[in-house]
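Participant: sequence first, predicted model second:
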Amino acid sequence: MRNFLLTLGALVVATSPALAAKPFDGEAELAKAVAGRVAGPPVHCVNLRDVRSSHIIDHTAIVYDMGGTVYVNRPRSGRESLDQWDTLVTKTFSSDLCDIDVVQLYDSGSRMQTGIVFLGDFVPYKRAPKAD
């Protein structure tokens with residue numbers, strides 16, 4: 001029995017690196033979000049009425065889906081606070097969301113503020129034209 005336990009313990013130790021979770025790669029996740037799209041010149045604002053949805057890529061960016069175009073915003077400051085499970089609360093002074101606006105992050109479960117980000121430019125990604 002003792003030999004069995006020692007063997008079992010050795011197997012657990014030997015396989016634990018294989019079981020370890022891969023670290024999250026925000027850049028790889030962002031690449032998936034814009035796959036098949038081509039980046040355009042950055043803009044300072046987007047119209048909030050056109051935003052269909054948004055999602056956070058941890059510690060990397062906020063992606064705003066506008067239908068045929070997605071806009072990627074890499075905040076100027078506070079990017080490390082971005083968490084996919086947070087809720088974005090934005091206070092704007094017009095019908096546009098601009099690079100001068102501030103976004104507060106709230107934990108979806110506890111509803112406690114978890115961070116604040118200062119938006120940067122919005123980079124549009126449109127679907128790449130199909131090759132003939």
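Facilitator: Arrived safely, thanks for sending.

Participant: all contacts plus neighbour counts: C-alpha atoms, from now on.
Facilitator: Will do.

Participant: give me the number of residues near residue 114?
Facilitator: With neighbours defined by other CA atoms under 10 Å, the count for residue 114 comes to 16.

Participant: pLDDT weak spots in the chain?
Facilitator: The chain contains residues with pLDDT under 70 at 1-24, 131-132.

Participant: could you pull up phi and psi at the spatially most central residue of it?
Facilitator: Taking CA atoms, centre = their mean, the centroid of the chain lies closest to residue 57, which sits 1.0 Å from it. Main-chain torsions, residue 57, degrees, to the nearest 10: phi -110, psi 120.

Participant: off-centre distance for stretch 77-94?
Facilitator: From the chain centre to the centre of stretch 77-94 is a distance of 10 Å (CA atoms, centre = their mean, to the nearest Å).

Participant: buried set for stretch 75-93?
Facilitator: Neighbour counts over stretch 75-93 (16 or more other CA atoms under 10 Å) mark 75, 78, 79, 81, 82, 83, 86, 87, 88 as buried.

Participant: got a list of what the residue nearest to the first one when sequence neighbours are not counted touches?
Facilitator: In this structure, residue 75 finds its nearest non-sequential neighbour in residue 119, 4.2 Å apart by CA to CA, 6 or more residues apart in numbering. Under the criterion of CA atoms under 8 Å, 6 or more residues apart in numbering, the neighbours of residue 119 are 73, 74, 75, 76, 77, 98, 99, 100, 101, 102, 103.

Participant: run the last query once more with 7 Å
Facilitator: The contact partners of residue 119, taken as CA atoms under 7 Å, 6 or more residues apart in numbering, are 73, 74, 75, 76, 99, 100, 101, 102.

Participant: what of residue 52?
Facilitator: Neighbour list for residue 52: 65, 66, 67 [criterion: CA under 7 Å, 6+ apart].

Participant: make CSV from these and add neighbour count, secondary structure and distance to residue 113 to it.
Facilitator: What follows is these, written out as CSV (neighbours: other CA atoms under 10 Å; DSSP: H, G, I helix; E, B strand; the rest coil; distance: CA to CA, whole Å):
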residue, neighbour count, secondary structure, distance to residue 113
65, 18, strand, 24
66, 18, coil, 27
67, 11, coil, 29
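
Participant: alpha carbons only: can I get stretch 51-66 in PDB?
Facilitator: The C-alpha trace of stretch 51-66 is given here as PDB (Å, rounded to 0.1, in the frame of the first residue of the first chain):
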ATOM      1  CA  VAL A  51     -23.100  50.100 -30.700                       C
ATOM      2  CA  ARG A  52     -24.800  46.700 -30.700                       C
ATOM      3  CA  SER A  53     -22.600  45.100 -28.000                       C
ATOM      4  CA  SER A  54     -19.300  45.400 -26.300                       C
ATOM      5  CA  HIS A  55     -17.000  43.000 -24.600                       C
ATOM      6  CA  ILE A  56     -13.900  43.300 -22.600                       C
ATOM      7  CA  ILE A  57     -10.700  41.400 -23.300                       C
ATOM      8  CA  ASP A  58      -8.900  41.100 -20.000                       C
ATOM      9  CA  HIS A  59      -6.100  43.600 -19.400                       C
ATOM     10  CA  THR A  60      -6.000  44.500 -23.200                       C
ATOM     11  CA  ALA A  61      -9.000  46.200 -24.800                       C
ATOM     12  CA  ILE A  62     -12.700  46.900 -25.100                       C
ATOM     13  CA  VAL A  63     -14.300  45.700 -28.400                       C
ATOM     14  CA  TYR A  64     -17.400  47.600 -29.600                       C
ATOM     15  CA  ASP A  65     -19.500  45.700 -32.200                       C
ATOM     16  CA  MET A  66     -21.200  48.100 -34.600                       C
END
